[in-house]
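Trainee: Curious how this folds, go ahead:
(2 chains)
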Number of protein chains: 2
Amino acid sequence: MSADNKNDNMVVTPWEVKGDIDYGTLVQRFGTQPLTEELKERIAKHAGFMHMQLRRNVYFSHRDLDWWLNEYDAGRPVGLYTGRGPSGGVHLGHLLPWFFCAYLQKAYNAKLYFQMTDDEKFLHREDLTLDETIAYSYDNALDVIACGVQPELTHIFSDTDHIGHIYKLGLQVSKRITMSTVKAVFGFTDSDNIGLTWYPALQAMTCFLQSYREGRNVACLIPAAIDQDPYWRMTRDIAEKMGYTKPTQIHNKFLPPLTQGGKMSASQPESAIFTTDVPEKAAKKVMAAFTGGRETIKLQKELGGRPEVCNIYAYYYYLFEEDDAKLIEVEQQCKCGALVCGDCKARLAKMVKAFLVDFQTKRDKAKDNLADYLIK
Amino acid sequence: MSADNKNDNMVVTPWEVKGDIDYGTLVQRFGTQPLTEELKERIAKHAGFMHMQLRRNVYFSHRDLDWWLNEYDAGRPVGLYTGRGPSGGVHLGHLLPWFFCAYLQKAYNAKLYFQMTDDEKFLHREDLTLDETIAYSYDNALDVIACGVQPELTHIFSDTDHIGHIYKLGLQVSKRITMSTVKAVFGFTDSDNIGLTWYPALQAMTCFLQSYREGRNVACLIPAAIDQDPYWRMTRDIAEKMGYTKPTQIHNKFLPPLTQGGKMSASQPESAIFTTDVPEKAAKKVMAAFTGGRETIKLQKELGGRPEVCNIYAYYYYLFEEDDAKLIEVEQQCKCGALVCGDCKARLAKMVKAFLVDFQTKRDKAKDNLADYLIK
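Mentor: Got it, this is the predicted structure:
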């Protein structure tokens, strides 16, 4: 059985992520480079510390990150780009790259262009109106701001409301991309609408937006989940023809859902913690979550739990237990049967509640300052 | 020989107009309705006079013009839409529907949405930059204004510079048009760029723009040459799904070139009179033009000229001899051999010079008031 057959149920595209994700296979399948210890150290050097997401290998893959760091080391400007498809509320999985962007922004004094793809969500989803997706853009922007990005270095924009800032560059990009290309890259067919087939020009455009606005080349790094990779492969092919350098990427893993299997989704609210969940309600979701525990407490004490398949453990690992020593303690106590799931969940639920109280305070405050973070 | 075979060399598409144009065949081929005397009278009734272009059958075809007039007669609002692909200077042929729009605007107190399709020209033409096509938008807008449109009823817009006014409606339209449709209607292939295949959404959008901005349905009439008809056929198919009424059209004939065969084109400056031509230079073009005259003056006096194939006569007919009695006199004097081409050209050259002096004064004045005519 080949590595690929093993992951036959794995689907990772810009519109769908499902199955058992094997990150080693993804690196092969997408043709990216694994993130090395050396690169992690290089990122950390300028930040003064290594971000938890780096220590825990939440970032596992990249394209040309070494070059982006070289540019910075050579005294040339570097920038960041990430985005969000605003089709509903934001859950904790969405926050992973946004926290990481705030970390990189501070360490590298880098501008962040944050794209709200409300046009694409409207064009792709039969059930959403344009007014709804635009409203989500502004709602979701509060979450971006609450992640700690800096107003003077951040340019959040709605494709639709801020089209005046981006249409010209989008046209320049679109002139260099044929229908054949987007059919091959995204699987579009002639039955797709002409808005949807145009849209990749706008997602590609943002790779060059800072360079375009500043009239100089700025090395662009995109922290994002690997499912968006097809956009950047296409963009890299046209970058030099546009007179810009290729965008570079760093890819994060997907935070697992709280439920067994499936994925985090607004249509399955119990699968994820949303940033606007009432903290008590979020705590209840944690208490109801799927774990790597045994069928009975007796068995758990005998055999120990299985943190490697436990979603509660994943939440500690990805987001909530910043102290590496304490994380190892949780893992060991679980494995030896000393820590039972109820107690472990209750501890996480408390942390989630505290996180949400703090995050929601920041999110509310962002309502007053939103304009400071929007593209101008 | 069928009517169609007779016109086998006739090509009339949004990108190409060539061959011997037979307007009867076009009405059949495009499936439009011939413009009747009754409709011409109905248009003239509210204007107080019948425009020369109506008297001379410069407008020969329509779709649902009767319904547009009914709407007006029923006290409901009516609007106008036309446009320009800004790829160079404006020649007299372009002015025909713009003069007619100014006439209709006044008669029907109708808002005119005038679209400068600088995005499409950039996407279609390898040799034009976006900065160039946008610059032509503003340059060509001066010609529109010089045709006598009213600032309080006119909204000229550049697709690119004013995209913020139109993108949302363009998205709504694009969601209802598939790649299959634009391939069938415009002959696009997978080798075309994704900007070009998106663009029809914007040309269609303008049919609904006034309704969209005013939050009520406004009957839209498009005076334009028939080569643009594929856009409106496509738009009519989606109008009701968008919650609007179908756009109506009135189609003008093409002004012939000054040269024999070929077409008016910026790449053949002798083929056309451009609005910015130095009047003396324009006069020379007239003097060098192809006519329906005989090979010698002797033959001309014996056999008479042929106004029916004469481009000089066409210029009198379409634009310069407003007095019907005088036009008939020119025709008769030519046919009987009394009027020789040199004298006839000299008379037209004088009229063209006088026209250009006046038009260029209005055009220069428009530079100071341009902003009053732009979409806001």
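
Trainee: Determine the number of other residues adjacent to A:Thr259.
Mentor: 18 (other C-beta atoms under 10 Å in any protein chain shown). Just so you know, the C-beta spots here come from the backbone N, C-alpha and C atoms, and that holds for glycine as well.

Trainee: again, but for A:Asp192
Mentor: What A:Asp192 shows, counting by other C-beta under 10 Å, is a neighbour count of 18.

Trainee: pLDDT value on it, please?
Mentor: For A:Asp192, the pLDDT comes out at 98.

Trainee: OK, contacts around it?
Mentor: Taking C-beta atoms under 8 Å, 6 or more residues apart in numbering or on different chains, we find A:Asp192 in contact with B:178-179.

Trainee: Show me what from chain A comes close to chain B.
Mentor: Residues of chain A found near chain B, taking C-beta under 8 Å from any C-beta of the partner chain as the criterion, are A:119, A:122-123, A:130, A:160, A:163-164, A:167-168, A:170-172, A:174-183, A:188-198, A:200-201.

Trainee: Which of those residues are buried? Put it as a PyMOL command.
Mentor: Remark: buried members of the residues of chain A next to chain B, expressed as a PyMOL selection using 16 or more other C-beta atoms under 10 Å in any protein chain shown:
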select buried, chain A and resi 119+122+123+130+160+163+167+168+170+171+172+174+175+176+177+178+179+181+182+183+188+190+192+193+194+195+196+197+198+200+201
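
Trainee: Filter the residues of chain A next to chain B down to the ones in strands?
Mentor: Judged by DSSP state E, strands contain none of those.

Trainee: From the residues of chain A next to chain B, which land in helices?
Mentor: Among the residues of chain A next to chain B, the residues falling in helices (DSSP state H) are A:119, A:122-123, A:130, A:163-164, A:167-168, A:170-172, A:174, A:179-183, A:194-198, A:200-201.

Trainee: quick one: buried residues of the lengthiest helix in chain A?
Mentor: Using DSSP H to define each element, chain A has its longest helix at helix A:341-373. Residues of helix A:341-373 classed as buried: A:341, A:344-345, A:347-349, A:351-353, A:355-356, A:359-360, A:363, A:366, A:373 (neighbour count, 16+ other C-beta under 10 Å).

Trainee: Same question for stretch A:30-43.
Mentor: Buried residues in stretch A:30-43, counted by 16+ other C-beta under 10 Å: A:30, A:32, A:35, A:39-40, A:42-43.

Trainee: so which of those comes closest to chain B?
Mentor: Distance to chain B, by C-beta to the nearest C-beta, is smallest for A:Phe30 among the buried residues of stretch A:30-43, at 22.5 Å.

Trainee: The closest one and A:Asp229 touch, don't they?
Mentor: Yes - using C-beta atoms under 8 Å, A:Phe30 is in contact with A:Asp229, at 5.0 Å.

Trainee: so A:Gly79 sits in a helix?
Mentor: No - assessed with DSSP: H, G, I helix; E, B strand; the rest coil, A:Gly79 is strand; it does not lie in a helix.

Trainee: Share the number of residues neighbouring it, please.
Mentor: When neighbours are counted by other C-beta under 10 Å, A:Gly79 registers 24.

Trainee: The closest residue to chain B within the stretch 201-350 of chain A and A:Glu41, how far apart?
Mentor: Distances between the stretch 201-350 of chain A and chain B by C-beta to the nearest C-beta are smallest at A:Ala201, namely 5.9 Å. Distance of A:Ala201 to A:Glu41, computed by C-beta to C-beta, to the nearest Å: 37 Å.

Trainee: same question, A:Arg213
Mentor: 32 Å.

Trainee: what does A:Ala107 give?
Mentor: A:Ala107 is 13 Å from A:Glu41, by C-beta to C-beta.

Trainee: cool, A:Ala346 as well?
Mentor: Distance, A:Ala346 to A:Glu41, by C-beta to C-beta: 37 Å.

Trainee: Kindly report the same for A:Gln333.
Mentor: 30 Å.

Trainee: And for A:Thr276?
Mentor: Distance, A:Thr276 to A:Glu41, using C-beta to C-beta: 37 Å.

Trainee: With A:Ser271 instead?
Mentor: 35 Å.

Trainee: burial measure for A:Val58, as a count.
Mentor: Around A:Val58 there are 22 residues (other C-beta under 10 Å).

Trainee: Contacts only, for it.
Mentor: A:Val58 is in contact with A:52, A:96, A:100, A:252-253, A:318, counting by C-beta under 8 Å, 6+ apart.

Trainee: would JSON lines of these with pLDDT be doable?
Mentor: As requested, the contacts of A:Val58 are exported to JSON lines (pLDDT from 0 to 100):
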{"residue": "A:Met52", "pLDDT": "96"}
{"residue": "A:Leu96", "pLDDT": "95"}
{"residue": "A:Phe100", "pLDDT": "98"}
{"residue": "A:Asn252", "pLDDT": "93"}
{"residue": "A:Lys253", "pLDDT": "91"}
{"residue": "A:Tyr318", "pLDDT": "95"}
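
Trainee: Which ones among those residues lie within strands?
Mentor: Judged by DSSP E, the subset of the contacts of A:Val58 located in strands is A:Asn252.

Trainee: May I see the contacts of A:Val58 organised as TSV, with distance to B:Ala288 and neighbour count added?
Mentor: Shown next, in TSV, are the contacts of A:Val58 (distance: C-beta to C-beta, whole Å; neighbours: other C-beta atoms under 10 Å in any protein chain shown):
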residue	distance to B:Ala288	neighbour count
A:Met52	80	20
A:Leu96	72	22
A:Phe100	70	24
A:Asn252	70	20
A:Lys253	74	21
A:Tyr318	79	21
